[in-house]
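> pasting the structure only:
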C-alpha cells in the first residue's frame, strides 16, 4: 500500500484565520488513484516545526505532499527549509526563470527583487510548471520518499495536481488501475439507503469497494474497482451498477460531479422546456442555484421574490382572500404563486416556495420548518409539505433541494 | 506560552470524504483566549495511529484536544484507546448514564445496547455534559498534560467548548486576560489596507496585536489586547481603535461577527427604509443574502429575477429600445431596472444587477466580469461599473458584495 502524508504550512491556517480546503481535496484525489492518506498535519511557519514534521512523515509514508509557504514574502520559509532538510542549496532554475519572467511580462507587471526568489529552487528539485501563478511546484526523490511542494492557492494547487502531479504519481508508484463510478442520490438518508442495498453490498466482489459520501440533503455512492486492466474493471463496476440501480432508481439523479441543479438543467434542455420561480421563504436561493450553472439562461427565464405579501398580491396576483383565509404559508398560496408565475413568464413550469425558515415566526400550528412547495405544469399543479425544523440556512437549502428534486421527477 | 495540539480522528476525514470544519473553529477559539495551536493532525480510526499521535503531541503541547471517534458504532475506538493510553478502564459513569437515559426518554427513543456504550467513560475522565447529543465530553489530566475529547458533530462540539471547556481552560491555565475587537472592512484589499495603516501598526503597544483576516471581497482587522485587567485592556484597545478609525473609516462596515448583509439590514431598520431587487446576472443571490438574515422581512419586500430579456420587458417594464440600443449589460438598462423595481414594489431603494458572469457570453467590448449595478433612490439613481473577470461564482458573489456596500454608503 502506498501511504501518503499531507502537510499544510502556515500560521494563518494553524491559528484558524483561514480555512484549509486543500487538504481534503488532495486526500480525496489520492484516494481515487489508490494512495491512502495516513496522516494530515498543519504546522506553523518555523524551520523547527517544518523540519520536525518532514522527518516524522518520512518514517511513516512513501509520499509527503506539502502545500503553502511558497510566496515571495519573508514568512514563507518552506524552500529554505527544504534545502536544509535535503542538504541542498537554492539556485536560479532556468526553466522556472523563463516561466516566471514570461508570466510577469504577459501581464505588464514589474518583476521586483522579491519576486525573483520565485524562480530559485533547491538544487535537487524537479521543477513542475505552475501555469496559473508564479510559485513553481517541486518534486523531490530523497532516500526513498517522494516529497511534493505546491503553493497554497487552491486553484494553482489544483492545476498542478491535475495536470502534472497525479499522472506522475501514477507512473512513479505504479498505482493500481482504478475505475470510479459515483452515483448521486437525493431524497433518502444514508442509513435507509444502506439498509436497502445491504445484500448487494455484502455480495460485492473483493476488488470493488463502496463508499457513502453524505452531504446536506443528498448521499453519493462511490463504487471503486481495482485491478490491472481498465476495461475489465470498468465492465465489473458497470455490472454491479446494473444490479444496484433497479433498487435505488427513484433516488438517483445523476453521476460524477453533477449537482441536482445541473441534472435538472440538462433535463430541461433535453425536453426543450423552461422554468420560472416564485420564491417566498427561499428569498432568491432557488434562482441562485439555477443560475450558478453556466448556460442556465437557456431554460431559466426569471422569477419573482415575493417575500412580502404586497408583492404576492401586486406582482404575482395572489388573491388577498387566499392569504387572509389560509395564510402565506399554505398549500393554497403556493398553488396560486406557482400557477401565476408560470403564466406571467410563459414558462413550461412555475415553481413556488413559502414557509417559516426560522428561527422566529413559528406557531404551534405552523412551527419553524413548516414549508409548502408547488410546481405548476400545463396539466396540473403538484404540491408538497415539508417539515424540516432545522436552522434557518439549512431550511432554506433543503427547501431548494426538495423543489429541484420534485421538478426532476416531473421532467423525467 | 500555552501550546495546544488539535487532533481529528476518523477515516472519513483522512480520506477526504467529509470536510473538517471543527479544527479551524477550535484553533480560532483557542487563539482568542491566548492559547497557541502548534500543530493540527488528522489520523485514522486505528489504535496504533491514535496512540502514536497522543504520545507525540503530549511531548510538544500542554493541551491536546481530540474530536471525533466517539459515536456508538464499532469504528469509534477513541475511548478504548484512551483507556489503553492512560492505563485506565471503561466504567459506567453515573452522571453520564442519567443524562444519556434522559436524552433518549425525552425523545421517546429506545436506548439500545449499542447506545449504552455512550455512558461508559475511562475511569480517570472528568465528565463534561453534552446538552446537544449523547456522546459526552471528557477532560483528562495526565502527567502534566490536559487531554480533551469531544464528539465530531460540529454543533455538539461547539456547545461543549463554549459552555464548559473554554471557561475551564481559562481557569486551569490561568490564561491571560484578553480583549478582542474585530473591525470589518469592505472595498479595499489586504495589501492596500496594510499600507494605509502601516505607521499606526508599527506604533502599537507591545501588548496589542493586529491580525488581518481576509475573505472574498472583505478584510477583517482583529485587535487583541493582553494583560491582567479587562477594563484596562479594553480601554487600551479602544484607544488604538480611535486612532486607526479615521484612517480607514470609509471602508469600515461593522464589527465582530456582522456580515455586510446584516450591517445593511441594521441601517435599513434604523432609517425605517425598505428595499427591493431586480437581478439579472446575480439570479437571486442578492435576494438570498438579504433573506438569509433572520428578521429581514422588515426591510426586504421582494424582487424580480429578470434573467431573460422578456422578463426585463414584461415584468420590469424596461424599454425594449434600451435593450436593443445599449444591450442588457449596460448602464441604461440597470438604471431602468432599479427605478422600475423601486416603483413597482414601493420601496425606498431599488437595486439592480446586470452583467456577464461567465465563463461564456463575453465579447471584446464586454468581457466576462463586466457588470453594471444601480441603486435607485427617491432623488437619484447611482450606478457603478465593475470589472471583475474571475470565475462565475466569484463574479456573482463579488457583484452582490459590491451592491450591498454601495447601499450601505447610501444609507449612512
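Received it, and whenever you're ready, just let me know what you need. These figures come from a predicted structure and were not determined experimentally.

> Work out the gap between the helix or strand of chain A with the lowest mean pLDDT and the centre of the chain.
Each helix and strand of chain A was given a mean pLDDT (mean pLDDT, DSSP states H and E); the minimum falls on helix A:113-116 at a mean of 78. In terms of Cα atoms, centre = their mean, to the nearest Å, the centre of helix A:113-116 is set 35 Å apart from its chain centre.

> Quick check: residue A:405 touching residue A:254?
No: judged on Cβ atoms under 8 Å, residue A:405 makes no contact with residue A:254 at a distance of 11.1 Å. Heads up, the C-betas are built off the backbone N, CA and C, glycines and all.

> Now for those two: what residues contact both?
Common neighbours of residue A:405 and residue A:254, using Cβ atoms under 8 Å, 6 or more residues apart in numbering or on different chains, are residue A:260.

> so which helix or strand takes in the residue in chain A sticking out farthest from the centre?
The C-alpha centroid of chain A is most remote from residue A:321, which lies 44.2 Å away (Cα atoms, centre = their mean). Following DSSP states H and E, one finds residue A:321 within helix A:320-326.

> which parts of the stretch 251-400 of chain A sit against chain B?
Residues of the stretch 251-400 of chain A found near chain B (Cβ under 8 Å from any Cβ of the partner chain) are A:276-277, A:279, A:282-288, A:290-292, A:294-297, A:300-308, A:310-311, A:314-315, A:344-346, A:357-360, A:392-393, A:396.

> how about 7 Å then?
Counting by Cβ under 7 Å from any Cβ of the partner chain, the stretch 251-400 of chain A comes close to chain B at A:277, A:283-288, A:290-292, A:294-295, A:297, A:300-308, A:310-311, A:315, A:344-345, A:359-360, A:392-393, A:396.

> again with the stretch 101-250 of chain A
With Cβ under 7 Å from any Cβ as the criterion, the stretch 101-250 of chain A meets chain B at residues A:211, A:213.

> quick one: which helix or strand includes the residue in the stretch 101-250 of chain A positioned nearest to chain B?
Closest approach between the stretch 101-250 of chain A and chain B, counting by Cβ to the nearest Cβ: residue A:213, at 5.3 Å. Here residue A:213, judged by DSSP H and E, is contained in strand A:208-215.

> same question, residue A:40
strand A:36-43.

> which helices and strands does that strand pack with?
Helices and strands touching strand A:36-43, as assessed by 3 or more Cβ pairs under 7 Å, 6 or more residues apart in numbering or on different chains; DSSP states H and E, comprise strand A:3-9, helix A:11-14, helix A:22-32, helix A:47-60, strand B:36-43.

> can you tell me how far residue A:374 sits from chain B?
Using Cβ to the nearest Cβ, to the nearest Å, one obtains 18 Å as the distance from residue A:374 to chain B.

> Next up, the contacts around that residue.
Residues counted as contacts of residue A:374 (Cβ atoms under 7 Å, 6 or more residues apart in numbering or on different chains) are A:334-335, A:337-338, A:352, A:381-383.

> and these as JSON lines, adding pLDDT?
Below are those laid out as JSON lines (pLDDT from 0 to 100):
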{"residue": "A:334", "pLDDT": "98"}
{"residue": "A:335", "pLDDT": "98"}
{"residue": "A:337", "pLDDT": "98"}
{"residue": "A:338", "pLDDT": "98"}
{"residue": "A:352", "pLDDT": "98"}
{"residue": "A:381", "pLDDT": "98"}
{"residue": "A:382", "pLDDT": "98"}
{"residue": "A:383", "pLDDT": "98"}
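
> Greatest separation within these: which pair is it?
Based on Cβ to Cβ, the longest span within these runs between A:337 and A:382 and measures 13.3 Å.

> Of these two, which one has the most company?
Legend: neighbour count by other Cβ atoms under 10 Å in any protein chain shown for residue A:337 and residue A:382, higher for residue A:337 (31 against 17).

> Leaving out sequence neighbours, find the closest residue to the most centrally placed residue in chain A.
By Cα atoms, centre = their mean, chain A has its centre lying nearest to residue A:257, at 7.7 Å. Counting by Cβ to Cβ, 6 or more residues apart in numbering or on different chains, residue A:182 is the residue found nearest to residue A:257 once chain neighbours are left out, at 7.7 Å.
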